[in-house]
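K.L.:
next input, structure requested:
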Amino acid sequence: MLVTIRLPEKGLDLARRILGTRIHHVSDAEKGSCVVVVRYPDIESVRQLLQFGDHIEVLAPETARARISQLARDLADRHSTPAS
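P.N.:
Numbering: from 1, shown residues only. Model (predicted):
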């Protein structure tokens, strides 16, 4: 599956190191950000993008965007109360 993300231009070098050969296409930077298309074997693999924290936005497909959103909510919920 192809997943389209937007990230700051200054984060592109890090993205290239982390995502490596999964990168399918990189757009020219506009207004300080660039759009990158990443190839994943399945929807669960998009969890790799969580390591970019709030430095990326998943643009498409909607299933990948929804999965990242759910994972982020789960992570926030898990950390919203003191550890026991």
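
K.L.:
can you get me the start-to-end distance on stretch 39-51?
P.N.:
16 Å (CA to CA, to the nearest Å).

K.L.:
would you mind measuring from Leu75 to Gly53?
P.N.:
According to CB to CB, to the nearest Å, Leu75 and Gly53 sit 10 Å apart. C-beta: built from backbone N, CA, C; applies to glycine.

K.L.:
neighbour-wise, which of the two wins?
P.N.:
Leu75 (11 against 8; other CB atoms under 10 Å).

K.L.:
give me the phi and psi for the more buried one.
P.N.:
phi -60, psi -40 (degrees, to the nearest 10).

K.L.:
quick test: name the residue nearest the centre of the protein.
P.N.:
Leu49 (3.5 Å; CA atoms, centre = their mean).

K.L.:
which residues touch that one?
P.N.:
Val3, Ile5, Val38, Ile56, Val58, Ile68 (CB atoms under 8 Å, 6 or more residues apart in numbering).
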